[in-house]
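>>> predicted model follows, preceded by the sequence.
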Amino acid sequence: MTEISIQDEYVTRVEGHGNIVVNVADGTVEDCEWQVVESPRFFESMFVGKDYEAVPHMTSRICGICSASHVNASLKAVEDAIGVSISRQDELLRKLSLNAEIIQSHVLHVGYLALPDLLDSKSVIPLANTHEAEVRTVIRLHRLGNEMLEAVAGRSVHSQRLVPGGFSKIPSEDELRELRESLAGAFEDLEALVDLLAELADRLPAFERETEFISLTHPDEYALYDGTLYSSDVGELSNADYESVVNEYVTEQSTAKFARHERESYFVGALARLNNSYEQLSPKAKAVAETFGLEPVCHNPFMNNVAQVVETAHLFETSIELIDELLEAGLEPQSDYNRPEIDPEDGRGIGLVEAPRGLLIHDYTFEDGTCRAANSVIPTNQNHGNIQADMEAMVPTILDRPEAEIEHTLEMLVRAYDPCISCSTHYLEVEFVDGEA
Amino acid sequence: MSAPRATGPDRAVEMAGSRGVIGLGNPLRGDDGVVPALFARLRDGDMPEDADLLEFGDASLRLVHALASFDRVLVVDAMRFGGEPGEYVVCTPDEVVSRSASGVSHDPDLLEVVALARELGDGPDRLRIFGIEPGPMAMGPGLSAALEARLPALESALAEAIEQL
C-alpha cells in the first residue's frame, strides 16, 4: 500500500515559483498537479497607449533572462504593424543578439540549474569546491554570452540599442572581430561541458511520453529569429492564426495560462526545435547530439537539457558565420545616436521568435503610432500543460521509490523544461466572493 | 569628484580594480524601480572617479562576473527587511539570512550568488548591501508616494555609502 504526500512549495532552481503537489492513497494517485503560483504580470496592458518606440524598450524589462528575445519579437511585431523593414545588416545583428541570449540562457540553465541534479548537489555553490574546474568552465561560457550581447545590444540585459527600423548604435568591426575570436576560442570550454554532461547523461531519467512539438521552422536555416509555425503532428501552421495554435486556457490550479493544440498539451523549447529542425543543425551541433544518441523524434523531456547543449554548439558556429557575413560585407556606417526615420502606418503586426525556452509571440495593433492592443504568448505558459501531463504519466511509474526520490525526480522534470515563470505576462481578472477586495 | 565613468551594466567588468556599485530593480514594477530611479539621479550628480555604476535590472546571476571584477562592491536593491517603506539598511551579506523569495527581490538569490563567488575565491575584498524597504511592487511604472518623497534622502545616503565603500 503506497501513501505519498508531496507538497513541494517553490521548486528551486527554476526562474520564478511553482509547486508540485502529489497525493497517493492506497497506491492510487489522488492528486498530481503542477501549480504556478507566482503573481501574474501584465505587461501587455502597459503597452497600450504607448508609442511604437516605447513598446519594444518596455518589453526588455519583462524578463531578465529572455530580455533580448522579447525585444526582438516586439520589434518584429511593431515593424510589421507600422510598415517598416530593416536592412540585412540589422537583421544579422539582431540574429546575433538572439544567439547571444540563447547561449547565455542555455549555459545558465544547464550549468547552474540542471547540473547540480546530476552531481547530487543541492545547488551549484558546493560544486565550486568539488568541481571547481567545471564551474569555472560554465562561468566562462556564460560570460561569453554576456559579452556577445553587450557588444551587439549595448548591455548584457535589458538591451537598448535595438530600435524600430534598426539599431541606435552598432558595434565596430573591431568589436565583431574580437567577438569572433572569443567564440572560436570557446569551443574547448564547450567540449569540456559536453564531456561532463556525457559522463552524467545516464543519470537523466529514461522517461518518455509522446507529445506534440511546436516550433518555428525555416527552409534555409535552423529557425530561431524567423520562420513558420510548425507542429510535429500536423506540419506547417499559419503564423497569422497563432491564436488557434496556442489555444490558451485557464485552469484552477494556476495563475498562469496553459496551452494546447492537437493533443492535451504540447512542448516548446530546445527539444521541440531540435525535433523539428534537426537536419539544419550545424556540424558540431550534430556531433554533440550524436554523442548523446539524441535524434528526432525524442520524447524524453529530460533530454531538453542535452538539446540545449546541442543548440549551444550550433549557436557558436552560426554566430561566427553571422559575424563573417557582416565583416565580409563591411559595416554600413551610422551615427552612434541613430534614430531611424519612420512614418508609421496603421495596422496589426505579429512577431514570432524562438526564445531560449521556446516559441515567443508578440502581437500589436497600432494607430497613429500608438499601441491600441497587445498580446503576448510566452514559452513557459505553453509548456505548463506538458509538464502537468508528464507528471501524470510519470508518477505512477515511480511510486515504488522513496518519497524523497519521487519528489526530486519530479523537480528534475520541471527543471528540464527550464521554466521561466516570472515572465508570465497574462493575468486573470478576479472578483472576491464576499465582494470586498 | 566627477561624473561616473560608466553607465552601462558590463563595461565595468573590464574596468576592474576599484569600486563597483551594482543596482537591481525593475522600473515597471512599482517600488522595485527605486534603484533605477536612484541611479538616474546619481548619474546626473557627482560620483567618485573610481566608482562604476552598473544597472543589472533583474538579472542578478550576472553579478557573479561583476563580483569577480572589483575590489569593493556595493549592491543596491529593494529588500524587504521589516522596515518602513523608504527605510534603508547598509549591511554585509553575513549580517542577513535569506528568507527565500521574500528576501532580496531578484532570482536567483543575491546571497547565493555571493556565496558562489566566495566559494570560488572570486568575491571582492569588501562587499556591502544597500537595501531599501519597498512599498507596493505592483505592476506598472512609477514609485509609491512614500518612496518618491524619500528619493533625495536615499540619494544622499547612497552617495555616502559609495564614499565609504
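Thanks, I have the structure now.
>>> spatially central residue for chain A, please.
A:Arg357 (1.9 Å; Cα atoms, centre = their mean).
>>> ok, now which ones touch the nearest residue to A:Gly145 once chain neighbours are set aside?
Ranked by Cβ to Cβ, 6 or more residues apart in numbering or on different chains and with sequence neighbours excluded, the top spatial neighbour of A:Gly145 is A:Gln104, at 3.2 Å. Backbone N, C-alpha and C define where each C-beta goes, glycine included. Contact analysis of A:Gln104 by Cβ atoms under 8 Å, 6 or more residues apart in numbering or on different chains lists A:Ile65, A:His142, A:Gly145, A:Asn146, A:Met148, A:Leu149, A:Ser156, A:Pro356.
>>> spell out for me the PyMOL command that would select the buried members of those.
PyMOL command restricting the contacts of A:Gln104 to the buried ones, with burial defined by 16 or more other Cβ atoms under 10 Å in any protein chain shown:
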select buried, chain A and resi 65+142+145+146+148+149+156+356
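>>> among the contacts of A:Gln104, which ones are in strands?
Among these, no member falls in strands (criterion: DSSP state E).
>>> so A:His57 belongs to a helix, correct?
Yes: assigned with DSSP: H, G, I helix; E, B strand; the rest coil, A:His57 falls within a helix.
>>> what about the residue lying closest to it once chain neighbours are set aside, which SS state?
Once flanking residues are discounted, A:His57 sits nearest to A:Gln160: 7.1 Å by Cβ to Cβ, 6+ apart. Recorded secondary structure, A:Gln160: coil (three-state DSSP).
>>> so A:Gln160 touches A:Glu150, yeah?
No: A:Gln160 is beyond contact range of A:Glu150, at 11.0 Å (criterion: Cβ atoms under 8 Å).
>>> compare these two (neighbour count), which wins?
A:Glu150 (23 against 14; other Cβ atoms under 10 Å in any protein chain shown).
>>> need the pLDDT of the more buried one.
Note on A:Glu150: pLDDT of 90.
>>> could you pull out the strands for the chain?
No chain was given, so I picked chain A. So, for chain A - with DSSP E - the strands run A:4-8, A:18-25, A:28-36, A:162-163, A:166-167, A:212-217, A:228-231, A:235-236, A:248-249, A:258-259, A:266-267, A:347-355, A:358-367, A:370-377.
>>> the intended chain is chain B.
So, for chain B - with DSSP E - the strands run B:19-23, B:51-55, B:72-78, B:88-91, B:126-132.
>>> out of the ones you listed, flag the one nearest chain A.
strand B:51-55 (8.0 Å; Cβ to the nearest Cβ).
>>> what's the closest one packed up against?
strand B:19-23, helix B:34-44 (3 or more Cβ pairs under 8 Å, 6 or more residues apart in numbering or on different chains; DSSP states H and E).
>>> any idea of the mean pLDDT in the last one?
Yep, that's helix B:34-44 we're talking about. Taken as a whole, helix B:34-44 has a mean pLDDT of 90.
>>> check pLDDT for the contacts of A:Gln104 and point me to the minimum.
A:Ser156 (71).
>>> my guess is that residue meets A:Arg143, correct?
No: applying Cβ under 8 Å, one finds A:Ser156 not in contact with A:Arg143, separated by 9.1 Å.
>>> tell me which other helices or strands the longest helix belonging to chain B touches.
Taking DSSP state H as the criterion, chain B has its longest helix at helix B:145-164. Secondary-structure packing of helix B:145-164 (3+ Cβ pairs under 8 Å, 6+ apart): helix B:34-44, strand B:72-78, strand B:88-91, strand B:126-132.
>>> winner for burial among those?
Mean neighbour count (mean count of other Cβ atoms under 10 Å in any protein chain shown) peaks for strand B:72-78 among the helices and strands packed on helix B:145-164, with a mean of 25.
>>> check the offset of that strand from the chain's centre.
3 Å (Cα atoms, centre = their mean, to the nearest Å).
>>> does chain A sit close to it?
No: taking Cβ under 8 Å from any Cβ of the partner chain as the criterion, strand B:72-78 and chain A are apart, separated by no less than 12.9 Å.
>>> how about A:Val84, what does it touch?
A:Val78, A:Pro164, A:Gly165, A:Pro340, A:Ile342, A:Pro344 are the contacts of A:Val84 under Cβ under 8 Å, 6+ apart.
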